[in-house]
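> please work out how this folds:
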Amino acid sequence: MISHRIEANHPIFEWFTCLSYGIIAALVAKTLFLPSGILDQVPLWQRLVPMALAFIGFYLLGKRLWIGIVFGETCFITLLWFNGV
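Predicted structure coming up:
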């Protein structure tokens, strides 16, 4: 079988992993800095502060993805709520 001869640590798989991370980072950056639709009405600082808090929560509380998501979304919704956007 072919699957037995494929190495999981082969450089081509590492390259695809890096490529995937790069594409995700580019999409997040595009969404933050060049938004479209209703997100375009939200000021830049109200998009960057939740992202920063999501990173801080992610790294300080055990690198759990759901914690970063909860931190970011809670901060974003709170800022929108208090600033009336």
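
> which of the helices or strands spans the spatially most central residue of the chain?
Closest residue to the average C-alpha location of the chain: V28 at 5.8 Å, with Cα atoms, centre = their mean. Using DSSP states H and E, V28 maps to helix 11-33.

> what sits up against that helix?
If you take Cβ atoms under 8 Å, 6 or more residues apart in numbering as the criterion, helix 11-33 is touched by E7, L39, L44, R47, L48, M51. All C-beta spots, glycine's among them, are computed from the backbone N, C-alpha and C.

> again, but for stretch 59-75
Contact with stretch 59-75 is made by V49, P50, M51, L53, A54, F55, I56, G57, F58, as judged by Cβ under 8 Å, 6+ apart.

> now for G37, how many residues are close by?
A count of nearby residues for G37, using other Cβ atoms under 10 Å, gives 6.

> do you know how far it is from T31?
From G37 across to T31, the span is 10 Å (Cβ to Cβ, to the nearest Å).

> now the chain, which segments are flagged as low pLDDT?
The model of the chain has pLDDT under 70 over residues 1, 85.

> quick one, helices of it?
For the chain, the helices defined by DSSP state H occupy 11-33, 44-60, 65-83.

> so which of these gets nearest I2?
Counting by Cβ to Cβ, I2 lies closest to helix 11-33 out of those; the figure is 14.5 Å.

> dump the closest one to CSV, keeping only the CA atoms.
C-alpha atoms of helix 11-33 as CSV (Å, rounded to 0.1, in the frame of the first residue of the first chain):
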residue,chain,number,x,y,z
PRO,A,11,9.5,18.3,4.0
ILE,A,12,6.6,18.6,1.5
PHE,A,13,4.1,18.2,4.3
GLU,A,14,5.9,20.8,6.4
TRP,A,15,5.7,23.1,3.4
PHE,A,16,2.0,22.6,3.0
THR,A,17,1.5,23.3,6.7
CYS,A,18,3.4,26.6,6.4
LEU,A,19,1.4,27.4,3.3
SER,A,20,-1.9,26.8,5.1
TYR,A,21,-0.8,29.0,8.0
GLY,A,22,0.2,31.7,5.6
ILE,A,23,-3.2,31.6,3.8
ILE,A,24,-5.1,31.8,7.1
ALA,A,25,-3.0,34.7,8.3
ALA,A,26,-3.5,36.5,5.0
LEU,A,27,-7.3,36.0,5.2
VAL,A,28,-7.4,37.3,8.8
ALA,A,29,-5.3,40.3,7.9
LYS,A,30,-7.5,41.1,4.9
THR,A,31,-10.6,40.8,7.1
LEU,A,32,-9.1,43.1,9.7
PHE,A,33,-7.6,45.8,7.5
